[in-house]
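[1] Mind looking at a prediction? Sequence and model below.
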Amino acid sequence: MAPAAPDRRIALAAVAGAHGIKGEVRLKLFSDSANSLAAHDYLHVGGERMRLLMVRDQGKNATARFEGIDDRSAAEALRGLLIELDRDQLPPLEDGEYYYSDLIGLACVDPSGAELGTVAAVENYGAGDLLEVRGLDGKSALIPFRAGIADWQGERIVLDPEFLA
């Protein structure tokens with residue numbers, strides 16, 4: 001696996017809207033819990049570094065408060081913005097683990113090395129990770145990220161072309 005670029009940011013959540021009248025925001029979490037946010041004093045909100053004052057876990061969602069966001073109007077102005085963290089601030093990974101962002105943009109090739117496309121996104125609907133592969137023709141296909149079907153080999157994913165229907 002290639003090391004991640006140190007200046008890359010990883011999206012941990014998105015602002016879904018305002019919560020109440022005192023500047024709190026509702027968050028759509030991209031991780032298992034709000035703990036991934038709570039572990040950090042500062043996060044990037046829409047590209048701007050902001051101090052996290054509070055985060056409250058609510059299952060797949062959370063509420064949070066950022067310094068300088070003091071009323072509903074200011075909170076509502078953040079709607080749709082990503083909450084990000086610099087990649088180098090994430091916890092180290094165990095063997096076999098990966099961050100989705102490490103896969104996005106990787107070249108996809110067949111076993112002989114012929115180019116098939118790139119990983120455009122990673123999805124998980126409950127049965128395991130799926131790579132959204134954008135082919136050279138611009139069409140997309142969801143490929144199970146499983147050994148023998150899609151194998152991560154350094155800077156590329158080797159795909160079984162039978163899954164690119």
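    Looks like it came in fine.
[2] could I get stretch 116-132 in PDB with only the CA atoms?
    In PDB, the C-alpha atoms belonging to stretch 116-132 read as follows (Å, rounded to 0.1, in the frame of the first residue of the first chain):
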ATOM      1  CA  LEU A 116     -10.000  -0.800 -17.100                       C
ATOM      2  CA  GLY A 117     -10.800   2.400 -15.200                       C
ATOM      3  CA  THR A 118     -10.500   4.000 -11.800                       C
ATOM      4  CA  VAL A 119     -12.100   3.700  -8.400                       C
ATOM      5  CA  ALA A 120     -14.600   6.500  -8.200                       C
ATOM      6  CA  ALA A 121     -16.100   5.700  -4.800                       C
ATOM      7  CA  VAL A 122     -16.500   3.000  -2.100                       C
ATOM      8  CA  GLU A 123     -19.900   2.000  -0.900                       C
ATOM      9  CA  ASN A 124     -21.200  -0.400   1.800                       C
ATOM     10  CA  TYR A 125     -24.800  -1.400   1.900                       C
ATOM     11  CA  GLY A 126     -24.300  -3.900   4.700                       C
ATOM     12  CA  ALA A 127     -22.900  -6.900   2.900                       C
ATOM     13  CA  GLY A 128     -19.300  -5.700   2.400                       C
ATOM     14  CA  ASP A 129     -17.400  -3.000   0.600                       C
ATOM     15  CA  LEU A 130     -18.200  -2.300  -3.000                       C
ATOM     16  CA  LEU A 131     -15.900  -0.400  -5.400                       C
ATOM     17  CA  GLU A 132     -17.600   1.900  -7.800                       C
END
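[3] which residues are contacting that stretch?
    With contacts defined as CB atoms under 8 Å, 6 or more residues apart in numbering, stretch 116-132 is touched by 100, 103-110, 133-136, 140-146, 150, 157, 159, 161, 164. From N, CA and C alone the C-beta is placed, and that goes for glycine too.
[4] Mind checking what helix or strand follows the helix or strand encompassing residue 49 in sequence?
    If you go by DSSP states H and E, residue 49 is part of strand 48-58. Once the chain leaves strand 48-58, the next helix or strand it forms, by DSSP H and E, is strand 61-66.
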